[in-house]
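Undergrad: curious how this folds, go ahead:
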Amino acid sequence: MILFWNFIKRQIIQALQGDLSVLINKFKKISPYLLNLPLFILAIPFVIFIRLISPVLLIRWCGVLSTRIGHFSANLELYLCEIDSGINLPTQSYYDIFFMEYQPICNMQLYIMWKRVLRIWPKFILYPIKVVNRLIPGGRAHEIINSCEDRDIHNLYDKTKPHLFFTKEEEERGREGLSKLGIPIDSKFICLLVRDSAYLTELSYHSYRDGNIDSYIKAAEEMASRGYYVIRMGVVVNKPMQSQNPKIIDYATNGARDDFMDIYLGAKCTFCISTSSGFDSIPTIFRKPIAFVTVPVAYIYTFSEKFLSITKHHMSKIDNHELSLNEIFDNNVAYAMTSKEFEDNEVYLVENSPEEIRDLVVEMDDLLNNSWVKKNQLIQEESNMNFIKNLSNFHHTNENSQNKKWKYPSQGSSPDSIIHGSIKSLFSRKFLEKNSFFID
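TA: Residues are numbered from 1 along each chain as shown. Sure thing, here's the model as predicted:
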């Protein structure tokens with residue numbers, strides 16, 4: 001408890017040295033600890049007991065990041081995939097428990113489904129145990145940590161089956177939901193997810209990831225002409241999707257969305273089109289193909305054969321030329337996680353044209369229907385090799401740097417396993433043909 005009291009003491013000293021706003025902020029920070037102090041005290045004997053029995057039975061727990069659907073879905077699915085594959089398993093008998101550490105829960109249907117396959121206990125029991133356990137050296141052994149959070153660095157999605165399932169009653173509810181959306185039973189449909197500035201306004205520094213829904217209309221209408229229904233996803237969006245095509249459904253703005261249908265649609269779609277936002281983890285954990293428009297470049301999802309990607313155009317502010325893949329890494333924006341990092345490195349992004357997005361989606365449909373011609377296979381292999389080479393060079397250049405921009409997980413020394421695993425996905429063939437920067 002010495003560390004706990006030192007923490008409280010430090011917050012009080014900093015509050016007294018600051019103005020009223022500092023005092024208020026510090027009070028907000030320490031008040032949960034003070035209010036829960038009796039629970040922390042009660043947790044002490046439980047932690048001692050857990051430590052004593054650990055040679056026989058290792059009790060582990062995990063506080064779930066349940067406010068963000070991407071982590072709430074992918075982190076837990078990959079934990080189960082690793083258990084199935086014998087990865088990160090304790091050497092002795094173990095008993096794993098989860099609790100929702102962060103509130104509010106972003107999707108209650110997903111929470112209901114996780115409760116079917118995981119032991120989920122109340123936060124008021126496990127959170128004090130977690131805090132007290134961390135105050136005693138050696139506590140990390142009792143915390144569940146998968147290899148790389150939501151990144152499938154062991155390429156397990158293509159080797160395992162989904163762990164979540166719908167009950168018979170939920171399947172019927174889902175079919176009724178599709179009918180209300182005007183989608184006949186057994187029809188093919190696509191989920192379309194375009195992140196914009198209405199999403200997580202408190203994280204405006206992620207604006208470089210935003211897209212314009214208007215740029216996706218041409219792709220949606222092309223897929224509608226091929227017999228698909230296209231469902232525009234989203235909880236909050238800036239504007240409706242302007243299309244009169246009856247097969248293009250703006251589920252994000254028509255008042256029909258709810259937590260259940262979000263999960264059902266993501267699980268049952270033929271494939272998903274995404275600008276790489278949290279929801280696409282739902283089709284991912286249900287092993288659905290995804291056509292990605294992704295930035296930053298080094299974060300492109302490469303660990304499944306069901307992924308097909310393009311990226312935005314990276315332009316130099318100095319002379320307006322388009323950066324090659326090598327230059328994107330050399331200019332320190334391959335891993336850029338904020339809009340400011342692009343600005344500081346004098347790089348600006350240009351959104352993909354409606355034609356490029358349409359070509360990406362058409363290529364995904366052709367792949368799924370086995371009508372995709374294996375043309376220019378060499379360009380695909382060369383782009384993958386160049387991508388891996390840049391990942392490797394960046395890793396080895398920065399691994400010993402005190403100012404490195406990316407903190408790499410400790411697992412694995414192979415450059416393609418740091419956050420990618422083996423490179424299994426494809427870059428859009430047509431995109432590579434028109435944008436040779438991935439090779440040059």
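
Undergrad: show me the domain layout of this structure.
TA: Segmentation of the chain into domains, based on automatic domain parsing, reads 36-142, 168-392+414-438.

Undergrad: any idea which of these gets closest to residue 162?
TA: domain 168-392+414-438 (5.0 Å; CB to CB). All C-beta atoms are positioned from the backbone trio N, CA, C, and that covers glycine.

Undergrad: all strands of the stretch 51-200 of the chain, in order?
TA: Taking DSSP state E, counting those that start in this stretch as the test, the strands found in the stretch 51-200 of the chain are 58-64, 94-100, 189-193.

Undergrad: from these, which stretch is densest packed?
TA: strand 189-193 (a mean of 26; mean count of other CB atoms under 10 Å).

Undergrad: who touches stretch 141-154?
TA: Stretch 141-154 has contacts (CB atoms under 8 Å, 6 or more residues apart in numbering) with 50, 54, 58-62, 70-71, 74-75, 78-79, 81-82, 85, 87-88, 90, 96, 98, 130, 133, 281, 303-304, 409, 411-412, 417-421.

Undergrad: list the buried residues for that stretch?
TA: Neighbour-count burial for stretch 141-154 flags 142, 144, 146, 147, 148, 149, 150, 151, 152, 153, 154 (criterion: 16 or more other CB atoms under 10 Å).

Undergrad: could you list which of the contacts of stretch 141-154 belong to helices?
TA: 50, 70, 71, 74, 75, 78, 79, 81, 82, 130, 133, 281 (DSSP state H).

Undergrad: how about the contacts made by the third one?
TA: What that stands for is residue 71. Per CB under 8 Å, 6+ apart, neighbours of residue 71: 64, 65, 149, 150, 278, 281.

Undergrad: residues near the residue nearest to residue 253 when sequence neighbours are not counted, how many?
TA: Counting by CB to CB, 6 or more residues apart in numbering, residue 253 lies nearest to residue 240, which is 4.6 Å off, once chain neighbours are set aside. When neighbours are defined as other CB atoms under 10 Å, residue 240 has 12 of them.

Undergrad: for residue 221, same thing?
TA: Residue 221, neighbours per other CB under 10 Å, totals 18.

Undergrad: now do the buried residues in the one helix or strand it maps to.
TA: Assigned by DSSP states H and E, residue 221 belongs to helix 217-225. Neighbour-count burial for helix 217-225 flags 217, 218, 219, 220, 221, 222, 223, 224 (criterion: 16+ other CB under 10 Å).

Undergrad: low-confidence ranges, the chain, go.
TA: 1-35, 199-206, 371-379, 394-417, 437-440 (pLDDT under 70).

Undergrad: mind checking which residue lies nearest the centre of it?
TA: residue 70 (4.1 Å; CA atoms, centre = their mean).

Undergrad: isn't that one right up against residue 277?
TA: Yes. The criterion here is CB atoms under 8 Å, and residue 70 meets it with residue 277 at 7.4 Å.

Undergrad: is it true that residue 387 lies in a strand?
TA: No. Counting by DSSP: H, G, I helix; E, B strand; the rest coil, residue 387 is located in no strand; its state is helix.

Undergrad: mind listing what it touches?
TA: The neighbourhood of residue 387, defined by CB under 8 Å, 6+ apart, consists of 300, 302, 325, 423, 438.

Undergrad: of the residues you listed, keep whichever come out buried.
TA: Buried members of the contacts of residue 387, counted by 16+ other CB under 10 Å: 300, 302, 325, 423, 438.
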